[in-house]
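Novice: pasting the sequence and the predicted coordinates here, then a few questions.
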Amino acid sequence: QKEVEQNSGPLSVPEGAIASLNCTYSDRGSQSFFWYRQYSGKSPELIMFIYSNGDKEDGRFTAQLNKASQYVSLLIRDSQPSDSATYLCAVNIRSGNTPLVFGKGTRLSVIA
Amino acid sequence: NAGVTQTPKFRILKIGQSMTLQCTQDMNHNYMYWYRQDPGMGLKLIYYSVGAGITDKGEVPNGYNVSRSTTEDFPLRLELAAPSQTSVYFCASCGVSNEQFFGPGTRLTVL
């Protein structure tokens, strides 16, 4: 069974702080990794994806991948109340357009 | 581009009724997916399709059927609805980097 694990939270951070969201996966052969944001009652929307070890930055978001330790994280700098949502980690265990395996998500609350 | 659209937004079914959830995408994506999401849970894959005429089962296919006659459309059929099928259903299509774009969802209640 291919698994993607996330702490369900809630993770509470003050406005302006860095929020750190973590995800571990069980399949060492996993190829690509995705972070989605889901507001309550809405559909998931893609934040960013990462394929290679290291960091990838996009605006206030940084994805970090460590394949040796089988974890991927998402950092949100200068957190805003509008960042309050559930963040889903998803993993593609094979190359190409194969189905993603999703974690259950971490609920983030940014306190003003 | 409208992206991925789903109808209906909400539906209440009685036990044993059937219905079809519609999904259409205008991005010319070959890959499409159906997920269900129960409260506090992640997304579970029901069925997926790699192109017109080709479908395959996901993690939780029992009680559902799909078809893919065109690139744009990927309807999900529920036969003999059961309370266990109460959920939010999301359709998604897949871009070239395997990033998935989701529709707005259908909230289904079976009573």
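Specialist: On my side now, so go ahead. For clarity, every value in this text was computed on a predicted model and none was experimentally measured.
Novice: which stretches in chain A count as strands?
Specialist: Here chain A has its strands, by DSSP state E, at A:4-5, A:11-14, A:19-25, A:32-38, A:45-50, A:54-58, A:61-66, A:71-76, A:85-92, A:100-102, A:106-111.
Novice: just checking, what packs against the third one?
Specialist: Which is strand A:19-25. strand A:4-5, strand A:11-14, strand A:32-38, strand A:71-76, strand A:85-92, strand A:106-111 (3 or more C-beta pairs under 8 Å, 6 or more residues apart in numbering or on different chains; DSSP states H and E). From N, CA and C alone the C-beta is placed, and that goes for glycine too.
Novice: adding mean neighbour count, mean pLDDT and distance to residue B:100, write the strands of chain A out as CSV.
Specialist: What follows is the strands of chain A, written out as CSV (neighbours: other C-beta atoms under 10 Å in any protein chain shown; pLDDT from 0 to 100; distance: least, C-beta to C-beta, whole Å):
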stretch, mean neighbour count, mean pLDDT, distance to residue B:100
strand A:4-5, 19, 94, 14
strand A:11-14, 14, 97, 24
strand A:19-25, 20, 96, 16
strand A:32-38, 23, 95, 8
strand A:45-50, 18, 94, 7
strand A:54-58, 12, 96, 17
strand A:61-66, 18, 97, 16
strand A:71-76, 21, 97, 16
strand A:85-92, 24, 94, 8
strand A:100-102, 24, 90, 6
strand A:106-111, 18, 96, 19
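Novice: let's have those strands in a markdown table, adding distance to residue B:74.
Specialist: Shown next, in a markdown table, are those (distance: least, C-beta to C-beta, whole Å):
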| stretch | distance to residue B:74 |
| --- | --- |
| strand A:4-5 | 24 |
| strand A:11-14 | 35 |
| strand A:19-25 | 27 |
| strand A:32-38 | 20 |
| strand A:45-50 | 19 |
| strand A:54-58 | 29 |
| strand A:61-66 | 29 |
| strand A:71-76 | 29 |
| strand A:85-92 | 19 |
| strand A:100-102 | 16 |
| strand A:106-111 | 29 |
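Novice: dihedrals phi and psi, the residue of chain B most remote from its centre?
Specialist: Centroid-distance maximum for chain B: residue B:97 at 20.9 Å, with C-alpha atoms, centre = their mean. Main-chain dihedrals, residue B:97, degrees, to the nearest 10: phi -100, psi 20.
Novice: tell me if I'm right that it and residue A:49 touch.
Specialist: Yes - with contact defined as C-beta atoms under 8 Å, residue B:97 counts as touching residue A:49 (6.5 Å).
Novice: now do the shared contacts for these two.
Specialist: Contact with both residue B:97 and residue A:49 is made by residues residue A:32, according to C-beta atoms under 8 Å, 6 or more residues apart in numbering or on different chains.
Novice: out of the helices and strands packed on strand A:19-25, nearest to residue B:105?
Specialist: Residue B:105 lies closest to strand A:32-38 among these, at 10.2 Å (C-beta to C-beta).
Novice: so what secondary structure elements neighbour the closest one?
Specialist: Against strand A:32-38 (3+ C-beta pairs under 8 Å, 6+ apart) you get strand A:19-25, strand A:45-50, strand A:61-66, strand A:71-76, strand A:85-92.
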